[in-house]
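[1] Prediction below, plus the sequence it came from.
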Amino acid sequence: MKCAIIRNGAPEQLTGAFTDNNGIKHPANVLTLWSEAELAAIDVYEVQERAIPEGHIATGSVLEWDGTTVTRVFTTEPAPPPPVPETVSRFQARAALMLEGRLGDAEAAIAAANDPLMSLAWAEAIEWKRSSPALNALAEEIGMTHDDIDDLFRAAALIEA
């Protein structure tokens, strides 16, 4: 249990044995053995943690005291996107394109390119590599940016057959 003691109107995190505001030394186990009322009598309170918003990571925290409750409030920032997979399967890639509404555009671009090697790769490749120049050219042809391709690979990696 995480606890804080109120000193001079502000909460202070307790991490082990401590001395209360009356100068009495207490072992750390009183934090788990004593009742809430017994702890409150010596200005010690359990720390309630405010939730971190989904899609964010904590960058720090402060303890706040409202007169009855100690709350840990986190400073946050948006979480970085997951890493881009180096490869995805043909099925995963095509499924992700379909879910994004771009599969027809990709198939039309392959047909319009009139490139037998590109057509063969489209039909037979077991996996798609993020670093493939042909893949990047195809994506550019259908209006996808570098970030769009990264997002497509991330989404594709989550698809299971």
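    Sure thing, it's come through.
[2] If we ignore the residues flanking it in sequence, what's nearest Ala139?
    Ile149 (4.9 Å; Cβ to Cβ, 6 or more residues apart in numbering). Any C-beta I mention is one placed from the backbone N, CA and C, and that applies to glycine too.
[3] Now do the SS call for Val88.
    Using DSSP: H, G, I helix; E, B strand; the rest coil, the structure places Val88 in strand.
[4] nearest spatial neighbour of it, skipping sequence neighbours?
    Closest residue to Val88 apart from its sequence neighbours, by Cβ to Cβ, 6+ apart: Ala156 at 4.1 Å.
[5] if we can go back for a sec, please, which helix or strand holds the residue nearest to Ala139?
    Using DSSP states H and E, Ile149 maps to helix 146-157.
[6] Remind me what that helix packs against, helices and strands.
    Using 3 or more Cβ pairs under 8 Å, 6 or more residues apart in numbering; DSSP states H and E, the elements in contact with helix 146-157 are strand 87-89, helix 90-99, helix 133-141.
[7] The ones you listed: which one's closest to Ile6?
    helix 90-99 (52.9 Å; Cβ to Cβ).
[8] Any buried residues in the closest one, and which?
    90, 92-97 (16 or more other Cβ atoms under 10 Å).
[9] What residue spans form the domains of the protein?
    The domain map for the chain lists 3-78, 87-157, with the assignment taken from automatic domain parsing.
[10] and Asp43, what does it touch?
    5-7, 20-21 (Cβ atoms under 8 Å, 6 or more residues apart in numbering).
[11] And for the nearest residue to it once chain neighbours are set aside, the neighbour number?
    Excluding the flanking residues, the one nearest Asp43 by Cβ to Cβ, 6+ apart is Ile6, at 4.3 Å. Ile6 has 18 neighbouring residues, counting by other Cβ atoms under 10 Å.
[12] Show me the beta-bridge partners of Ile6.
    As for beta bridges, Ile6 partners with Pro11 under DSSP bridges.
[13] Do you have the strands of the chain handy? List them.
    Counting by DSSP state E, one finds strands in the chain at the ranges 3-7, 10-14, 18-19, 25-26, 44-49, 56-65, 70-78, 87-89, 127-129.
[14] Only the buried residues of the fifth one, if you could.
    Which is strand 44-49. Using 16+ other Cβ under 10 Å as the test for burial, strand 44-49 gives 44-45, 47.
[15] which other helices and strands contact it?
    Applying 3+ Cβ pairs under 8 Å, 6+ apart, we find strand 44-49 packed against strand 3-7, strand 10-14, helix 36-40, strand 70-78.
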